[in-house]
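> Okay, here's the prediction I keep looking at, along with the sequence it came from:
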Amino acid sequence: MPAVDLHCHLLPGVDDGPQRLEESIEYARDAAASGTGTIVATPHVEMVDVRTLPARVEIVRSALAEEGIDLRVEVGGELKPQSIGSLRQDELEIIAQGPPGARWLLYEVPFRGIDEAFVAGARELRRRGFGLLLAHPERSRGFLDGGLDRLDPLIASGAMIAANVGPLSGREGDERWRAAKLLLDRGAIDVVATDAHPPRRPYQLPDVQGMTRDDHDRLTAQTTAALLRDGLERR
């Protein structure tokens, strides 16, 4: 079953990912060769006009088709708490995934730590009708000191966790590795994503370590594909 990467900074010239289309194409070629069938392009939404994203994705799709690269690219975005208030409902819909009634957004857990602004933003997104996929909590400062407990109310209301390849491959330092291992050991990881920023951070889904083949397939292909197809219902 082809893998699905739900968090990847693939679009050129929009954020701290690739700056040139050629870099996006090179990364996409490697991703397809490593077994990835779909990438959701998730730029930092505070760095781009969300309304331009469908056209930007179409440019990448056309370039990949011209190169004969068999990779599906979907429109998405990575949302920070401070960006929520500036986005209209139709703009949130542009970067959301899933069918009507089960739409969800990729919501970034802050590097500075899980604070009240993050929790309040999650409540606001839920009020506006979206489920949440929480991006890389293992990279959040102080996560080993009760960070998972602070996420429990959101998880209880249906939020899911997307851990990053970098910490799970041991390539982002000991603290992030231990935080990722804590999530893994507690069965708290729902999906694994690259959060790649090529060419600077060209992670691929097979780079993950310490995981069985069945778990890897479940977290990078089965559950990820189901989230795109079936969405995420709020509780």
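That came through fine.
> so where do the strands sit in this protein?
Counting by DSSP state E, the chain has strands at residues 3-8, 36-41, 72-75, 78-79, 104-108, 131-135, 160-164, 191-193.
> I would like the residues contacting the fifth one, please.
It stands for strand 104-108. Contacting residues not belonging to strand 104-108 are listed as 6-7, 40, 42, 76-81, 92, 95-98, 121-122, 125, 130-136, 159, 162, 227, 231-232 [C-beta atoms under 8 Å, 6 or more residues apart in numbering]. For the C-beta atoms, the positions are set from N, CA and C on the backbone; glycine is no exception.
> what helices or strands is the lowest-mean-pLDDT helix or strand in the chain leaning on?
Ranked by mean pLDDT, DSSP states H and E, the helix or strand of the chain with the weakest confidence is helix 147-156, at a mean of 92. When contacts are defined as 3 or more C-beta pairs under 8 Å, 6 or more residues apart in numbering; DSSP states H and E, helix 147-156 sits against helix 116-127, strand 131-135, helix 174-185.
> which stretches of this structure aren't confidently modelled?
For the chain, residues meeting the criterion pLDDT under 70 lie at 235.
> Please list the outside residues in contact with the biggest helix by length in it.
Criterion DSSP state H: the longest helix present in the chain is helix 53-67. Residues outside helix 53-67 that contact it (C-beta under 8 Å, 6+ apart): 10-12, 14, 21, 24-25, 28-29, 41, 43, 48, 71, 73-75, 77, 94-95.
> Give me the buried entries from the residues you listed.
Burial by neighbour count, judged by 16 or more other C-beta atoms under 10 Å, picks out 10-12, 14, 24-25, 28-29, 41, 43, 48, 71, 73-75, 77, 94-95 from the contacts of helix 53-67.
> Quick check: the gap between the residue located most distally from the centre of the chain and L11.
In terms of distance from the mean C-alpha position of the chain, E66 ranks first, at 26.4 Å (C-alpha atoms, centre = their mean). Between E66 and L11 the distance is 17 Å, computed by C-beta to C-beta, to the nearest Å.
> now T38
15 Å.
> What of T223?
24 Å.
> Next: G76.
10 Å.
> which residues are in contact with both of these two?
A41.
> Residues touching stretch 173-187, excluding its own?
137-140, 143-144, 147-148, 161, 163-164, 166-168, 170, 188-189, 210-211.
> try 6 Å
138-139, 143-144, 163, 167-168, 170, 189 (C-beta atoms under 6 Å, 6 or more residues apart in numbering).
> Mind listing what's buried along it?
Buried-residue list, stretch 173-187, by 16+ other C-beta under 10 Å: 176-177, 179-180, 182-184.
> can you redo those as JSON lines with distance to P2?
Listed next are the buried residues of stretch 173-187 as JSON lines, based on distance: C-beta to C-beta, whole Å:
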{"residue": "R176", "distance to P2": "27"}
{"residue": "W177", "distance to P2": "27"}
{"residue": "A179", "distance to P2": "29"}
{"residue": "A180", "distance to P2": "24"}
{"residue": "L182", "distance to P2": "29"}
{"residue": "L183", "distance to P2": "24"}
{"residue": "L184", "distance to P2": "23"}
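> State the pair within those residues that is farthest apart.
The largest distance within these, taken as C-beta to C-beta, falls between R176 and L184 and amounts to 12.3 Å.
> before we move on, back to that, ok, so of the buried residues of stretch 173-187, who is nearest H197?
Scanning the buried residues of stretch 173-187 for proximity to H197, where the rule is C-beta to C-beta, the winner is R176, at 15.6 Å.
> ok, for the closest one, nearest residue in space, not its chain neighbours?
Leaving out its chain neighbours, the residue that sits closest to R176 by C-beta to C-beta, 6 or more residues apart in numbering is P167, at 3.9 Å.
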